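**Student:** missing the sequence, but the structure's below:
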Ligand SMILES: C[S@@+](CC[C@H](N)C(=O)[O-])C[C@H]1O[C@@H](n2cnc3c(N)ncnc32)[C@H](O)[C@@H]1O
């Protein structure tokens, strides 16, 4: 997602340091200190403009949420939503999600959301895909036992790549949806900005999976 540079972003982020982390490493193992209540911690990587994670926080007050986004002008828009929501169970982090294992401790994360991640269609860029083995290895480091990865996309090529990548990495599939919006199994679907914009053009694919326990 490309957005125009927002000259106000840096100052706005600095003014809302209570809701936004720009140097995450010192919080490793201690993220619960950013929230009023100690509760299971769910993380979205590539949170974009924040609609999904803010709505998740609103609907699940018994959980804590973190949205990670690499682009400052984008996360500043998400931060505005967080501030306007008045919610205290959500924090934003401006950083590269690839490095999750440098700022979350083993087992600190209860679940991970990857929504409409950039497809990086050229094979020489495959390592940048958020479902590549490079990222999966880091997710495995931080997710608690049976913690799920929930990935959805409208990009069939990225979805096929991700199914293969997760399978090759040994993840256990909990569910696969080839047309999430047509699902009749009652699966929760909180829509992202990207999803609302592009779902009319074709199906939304989703997979939910977890890393196996040692004996699984
Ligand atoms: C296509 S957008 C989707 C945004 C949002 N999830 C949605 O569905 O509306 C992908 C987002 O992921 C962000 N992103 C890509 N690679 C990232 C990384 N390594 N760490 C954090 N964010 C990343 C991009 O900056 C972009 O905002």
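**Tutor:** Structure received. Everything numeric in this text was worked out from a predicted model, so none of it was measured.
**Student:** so which residues of this protein form helices?
**Tutor:** Chain-ordered helices for the chain, with DSSP state H as the definition, fall at 9-15, 51-59, 72-85, 100-103, 133-142, 156-168, 193-198.
**Student:** now the ones you listed in JSON lines, with distance to residue 208, mean pLDDT and mean neighbour count?
**Tutor:** Using the backbone N, CA and C atoms, a C-beta is placed for each residue, glycine as well. Output for the helices of the chain, formatted as JSON lines (distance: least, Cβ to Cβ, whole Å; pLDDT from 0 to 100; neighbours: other Cβ atoms under 10 Å):
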{"stretch": "helix 9-15", "distance to residue 208": "32", "mean pLDDT": "96", "mean neighbour count": "14"}
{"stretch": "helix 51-59", "distance to residue 208": "15", "mean pLDDT": "98", "mean neighbour count": "20"}
{"stretch": "helix 72-85", "distance to residue 208": "23", "mean pLDDT": "97", "mean neighbour count": "19"}
{"stretch": "helix 100-103", "distance to residue 208": "19", "mean pLDDT": "98", "mean neighbour count": "18"}
{"stretch": "helix 133-142", "distance to residue 208": "13", "mean pLDDT": "98", "mean neighbour count": "18"}
{"stretch": "helix 156-168", "distance to residue 208": "10", "mean pLDDT": "98", "mean neighbour count": "17"}
{"stretch": "helix 193-198", "distance to residue 208": "16", "mean pLDDT": "93", "mean neighbour count": "16"}
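**Student:** can you tell which of those helices is closest to the ligand?
**Tutor:** When the helices of the chain are compared by Cβ to the nearest ligand atom, helix 193-198 sits nearest the ligand, at 3.2 Å.
**Student:** which residues are in contact with the lowest-mean-pLDDT helix or strand in the chain?
**Tutor:** When each helix and strand of the chain is scored by mean pLDDT, DSSP states H and E, helix 193-198 comes last, with a mean of 93. For helix 193-198, the surrounding residues in contact (Cβ atoms under 8 Å, 6 or more residues apart in numbering) are 1, 48-49, 51-52, 115-116, 152, 154, 204.
**Student:** re earlier: in CSV: the helices of the chain, plus distance to residue 123.
**Tutor:** Supplementary listing: the helices of the chain in CSV, determined by distance: least, Cβ to Cβ, whole Å:
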stretch, distance to residue 123
helix 9-15, 33
helix 51-59, 29
helix 72-85, 26
helix 100-103, 24
helix 133-142, 14
helix 156-168, 10
helix 193-198, 23
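**Student:** list just the nearest of the contacts of helix 193-198 to residue 167.
**Tutor:** Closest approach to residue 167 among the contacts of helix 193-198 (Cβ to Cβ): residue 152, at 17.2 Å.
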